[in-house]
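1. I need the structure of the sequence given here:
(2 chains)
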Amino acid sequence: DAGVIQSPRHEVTEMGQEVTLRCKPISGHNSLFWYRQTMMRGLELLIYFNNNVPIDDSGMPEDRFSAKMPNASFSTLKIQPSEPRDSAVYFCASSFDEELFFGEGSRLTVL
Amino acid sequence: QKEVEQDPGPLSVPEGAIVSLNCTYSNSAFQYFMWYRQYSRKGPELLMYTYSSGNKEDGRFTAQVDKSSKYISLFIRDSQPSDSATYLCAMSPYSSASKIIFGSGTRLSIRP
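-> The predicted structure is shown next:
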């Protein structure tokens, strides 16, 4: 299996623009997680899905952030409008038990 | 106070040294304890997974949990340059991945 696949790997955008990050989880995994990692705050859980249904979105910072999982093999995290403080590495992870399998991350820079 | 505290380092040791990485936590409900390793510009990967108190050994790595002190450790014996990475402790009250809380990570560098 190729592992969790994220795109884009790098994104540089200007404040106010819409950003869409994409994730393909490992086939057969029933849970999908979006994390954000910064130097200041470490690794924070934004939202997780179980069987394509959002279960806990309490970590989503504000209404500018939204996530969808239309099917078992695809998820998106959207930021609209983006702000400089959203600059971070965004990780997608999938799981079928207690272990998280992370993608390589999407590094977002908002100017 | 954060639920999980971890010294960010950086920690630099010579090759072959024994490395000790530590975390403290405040939530007594945590039962499952993990160490994830994260190489530069990569995602974290699970290194060790333990349940409740005690020791677990896997090759050069030993994970130790002391629930009475709310303290966990990761020991690396005969450290190698390839061990240079950020090590994140993580813990959860359940065996599910949905409630994992991560430490901020300790950056480790092994000097050849």
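
2. how about the residues of chain B near chain A?
-> B:32, B:36, B:41-46, B:49, B:88, B:92, B:95-98, B:100, B:102-105 (CB under 8 Å from any CB of the partner chain). Where you see a C-beta, it was placed from the backbone N, CA and C, and this is true even at glycine.

3. 6 Å instead, please
-> Within chain B, the positions near chain A by CB under 6 Å from any CB of the partner chain are B:42-44, B:46, B:95, B:97-98, B:102, B:104.

4. how about these in a markdown table, adding neighbour count?
-> Below are the residues of chain B next to chain A laid out as a markdown table (neighbours: other CB atoms under 10 Å in any protein chain shown):
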| residue | neighbour count |
| --- | --- |
| B:42 | 15 |
| B:43 | 23 |
| B:44 | 27 |
| B:46 | 16 |
| B:95 | 12 |
| B:97 | 24 |
| B:98 | 16 |
| B:102 | 23 |
| B:104 | 22 |
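
5. and these, which two are furthest apart?
-> Maximum pairwise distance among the residues of chain B next to chain A (CB to CB): 25.4 Å, between B:42 and B:95.

6. what's the closest non-adjacent residue to the residue of chain B found nearest chain A?
-> When scored by CB to the nearest CB, chain B has residue B:43 as its residue closest to chain A, at 3.0 Å. Nearest residue to residue B:43, sequence neighbours excluded (CB to CB, 6 or more residues apart in numbering or on different chains): residue A:102, at 3.0 Å.

7. cool, and residue B:7?
-> residue B:106 (5.8 Å).

8. the one you found contacts residue B:85, correct?
-> No - when contacts are counted by CB atoms under 6 Å, residue B:106 is not listed as touching residue B:85 (9.6 Å).

9. residues contacting residue A:10?
-> residue A:107 (CB atoms under 6 Å, 6 or more residues apart in numbering or on different chains).

10. now do the one 3 residues further on
-> Counting by CB under 6 Å, 6+ apart, residue A:13 makes contact with A:19, A:82, A:110.

11. likewise residue B:90?
-> Contacts of residue B:90 by CB under 6 Å, 6+ apart are B:34, B:36, B:100, B:102.

12. list just the nearest of those residues to residue B:72.
-> Using CB to CB, the contacts of residue B:90 come closest to residue B:72 at residue B:34, 9.2 Å.

13. the helix or strand that contains the closest one: how far from the chain's middle?
-> Following DSSP states H and E, one finds residue B:34 within strand B:32-38. On the basis of CA atoms, centre = their mean, to the nearest Å, strand B:32-38 sits 5 Å off its chain's mean C-alpha point.

14. which outside residues touch that strand?
-> B:44-51, B:65, B:72, B:74, B:85-92, B:95.

15. can you say which of those are buried?
-> Buried residues within the contacts of strand B:32-38, counting neighbours by 16 or more other CB atoms under 10 Å in any protein chain shown: B:44, B:46-50, B:65, B:72, B:74, B:85-92.

16. the residues you listed in strands, which ones?
-> With strands taken from DSSP state E, the overlap with the buried ones among the contacts of strand B:32-38 comprises B:46-50, B:65, B:72, B:74, B:85-92.

17. turn the contacts of residue B:90 into JSON lines, including pLDDT and distance to residue A:89.
-> Compiled in JSON lines, those are given as follows (pLDDT from 0 to 100; distance: CB to CB, whole Å):
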{"residue": "B:34", "pLDDT": "97", "distance to residue A:89": "20"}
{"residue": "B:36", "pLDDT": "98", "distance to residue A:89": "15"}
{"residue": "B:100", "pLDDT": "93", "distance to residue A:89": "18"}
{"residue": "B:102", "pLDDT": "95", "distance to residue A:89": "14"}
